[in-house]
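> Below are the sequence and a predicted model for it; my questions follow.
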Amino acid sequence: MNPRRGGGPADDGNGAGDIAAAVKLNGNLGAAKYGVFYADERGDVGRSFGALRLVRDFSEQNLGMMLTQVERPYLDREATVLGIDHDWRPTPRWNIRSRLFGSRIDQDGQAESDLGATVWADYEMDRGWRQQWIAMHFGNALQINDAGYLSRNSLNYLHWQASRRFTDLPEDSRYASKDWRWRISGTDNNHGDRLQRQFRMSRDGQLRNGSSEYAQINVNSSGVDDQITRGNGNLRRPSNFNAYYEYGRPRKGSWAWETEVEAFSGGLAGNDKIGYRVEFSPTYFINDAFSIIAGLSYERTPDWLVWQCDDPDAACGNRIGRFDEQALELDAGVNWNIGSKQELRVKLQALGLDAALQQVVRVQPDGSALTVDEAVDDFNVRTLGFQIRYRYELAPLSYLYVVYGRGGYRQDPYSDDVGNLLGDSFDIRDDEQLLVKLSYRFEL
């Protein structure tokens, strides 16, 4: 369940949904726990969101159920999703988690249903070794995104992972512990097309000075992209890789900071063109209750593939643009604990993205990309998200929230400097909201 669907982009494309009222209720009935959620939006395009959650814990297992229903009158659509979840701990070494869920979509007088299932099995071995198996299947017509989130349907995924944690490191080592993981995985769609085979190796390290670091490398096989053309053919893509490193230093004096570095290949160039991303996020503590964060990141993707058609059924449905993409993003905020009962948080996210056209291709029936001489524009994107949230504690676990939000999205058909685009994003005011929320705990 993603409660942010309520008040999200409206179904008619004009701004955000206007929430008229919303309520969330949690509690216990004996050994069972329950949760109820309902939100309703104003206007002819307003949606309604409802959810029911039940969980019953046993000594070695627990069983749960989630039911969601969303009514979207503007689209003549009603979406119902029912899921069953089961966690089982047959021995202290085994933990098995299974999920079975299905969706039914009624839209324009037509009904469509499908199922999905996942199984996670974790096994604790001796001397710090662990193993994990994961299997997933999502049907072609499975749809849960009206109230939840699923990155894609038509998916079959398997992986096996071995990992080992080291804690008995020498006293002169800068590390207090290390956790190594090795994983192999395979992903296909329900039509038998191979999307990806991957080998992943990662290490999570905790340093004796309180810092942490994480490093990961993915080696990906060639495969097909079955979604980029919106049903107008699969695109064959070459093998590629991704390498990522993250380091975080806790507060020392008035400062704490995090940094991320990433290198990757992809697109149709495969490993012939390398992209990268860097980010640095320092935090300054004025005192223990007041801190300011200001993070900046830069990204360069030399072969970024973007579908170039407004209608999947049009003649341009198999056209793709290859762009040299650059992006500059600012992520800033303020956290202030005003005494023991009040809290003020400010968050700002701004993005400037530029995409300069390098080439236009058409996807062929065999999955290859044919270069064509067709007119496609450069483009740029600017986004802004700004929020001020005030919280006041009325009683233990009971709060009053006052939230102001502003933001929006802009896209233009030309190339520009990402620094200028980031600066221009602060002028965006597509949506502006003031929300008051009361959360009150009581016992029956």
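Looks like it came in fine.
> for this structure, which strand is longest?
strand 342-363 (DSSP state E).
> Distance from that strand to the middle of the chain?
15 Å (Cα atoms, centre = their mean, to the nearest Å).
> Quick check: buried residues in that strand?
Applying a neighbour-count criterion of 16 or more other Cβ atoms under 10 Å, the buried positions in strand 342-363 are 343, 346-355, 357-358, 360-363. Any C-beta I mention is one placed from the backbone N, CA and C, and that applies to glycine too.
> Return that strand as PDB; C-alpha atoms alone will do.
Output in PDB follows, covering the C-alpha atoms of strand 342-363 (Å, rounded to 0.1, in the frame of the first residue of the first chain):
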ATOM      1  CA  GLN A 342       7.500  20.000  18.400                       C
ATOM      2  CA  GLU A 343       9.400  19.200  15.200                       C
ATOM      3  CA  LEU A 344      10.000  21.300  12.100                       C
ATOM      4  CA  ARG A 345      11.300  19.700   8.900                       C
ATOM      5  CA  VAL A 346      12.100  21.400   5.600                       C
ATOM      6  CA  LYS A 347      13.000  19.500   2.400                       C
ATOM      7  CA  LEU A 348      14.000  20.700  -1.000                       C
ATOM      8  CA  GLN A 349      14.700  18.600  -4.200                       C
ATOM      9  CA  ALA A 350      15.500  20.300  -7.500                       C
ATOM     10  CA  LEU A 351      16.700  18.800 -10.700                       C
ATOM     11  CA  GLY A 352      18.100  20.100 -14.000                       C
ATOM     12  CA  LEU A 353      18.500  17.500 -16.800                       C
ATOM     13  CA  ASP A 354      19.700  18.000 -20.300                       C
ATOM     14  CA  ALA A 355      19.500  15.400 -23.200                       C
ATOM     15  CA  ALA A 356      21.400  16.200 -26.400                       C
ATOM     16  CA  LEU A 357      20.400  14.000 -29.300                       C
ATOM     17  CA  GLN A 358      23.200  11.700 -30.800                       C
ATOM     18  CA  GLN A 359      21.300   9.400 -33.000                       C
ATOM     19  CA  VAL A 360      17.800   8.100 -33.900                       C
ATOM     20  CA  VAL A 361      17.100   4.400 -34.400                       C
ATOM     21  CA  ARG A 362      14.200   2.100 -35.300                       C
ATOM     22  CA  VAL A 363      13.700  -1.300 -33.700                       C
END
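> Can you tell me what sits against the following helix or strand past it?
Beyond strand 342-363 on the C-terminal side, the first helix or strand identified by DSSP states H and E is strand 369-372. For strand 369-372, contacts defined as Cβ atoms under 8 Å, 6 or more residues apart in numbering pick out 235-236, 268, 319-320, 359-364.
> Now strand 369-372: buried residues?
For strand 369-372, by 16+ other Cβ under 10 Å, it's A369.
> just stretch 128-146 next, same as before
Neighbour-count burial for stretch 128-146 flags 128, 130, 132, 134, 136-139, 142-146 (criterion: 16+ other Cβ under 10 Å).
> Could you list which residues are in contact with the residue nearest to D417 when sequence neighbours are not counted?
In this structure, D417 finds its nearest non-sequential neighbour in D354, 7.2 Å apart by Cβ to Cβ, 6 or more residues apart in numbering. Counting by Cβ under 8 Å, 6+ apart, D354 makes contact with 325-327, 378, 380, 415-418, 421.
> Closest to G13 out of these?
Ranked by distance to G13 (Cβ to Cβ), those are led by N380 at 20.5 Å.
> Quick check, the closest one in contact with D412.
Yes - between N380 and D412 there is a contact under Cβ atoms under 8 Å: 5.5 Å.
> Which one of these two is surrounded by more residues?
Regarding N380 and D412, a neighbour count based on other Cβ atoms under 10 Å identifies N380 as having more, with 23 against 14.
> continuing past the helix or strand containing that one, what's the next helix or strand?
Element membership of N380 [criterion: DSSP H and E] is strand 379-395. Downstream of strand 379-395, the first helix or strand assigned by DSSP H and E is strand 398-412.
> list the helices and strands that next one packs on?
Contacts defined by 3 or more Cβ pairs under 8 Å, 6 or more residues apart in numbering; DSSP states H and E place strand 398-412 against strand 379-395, strand 431-439.
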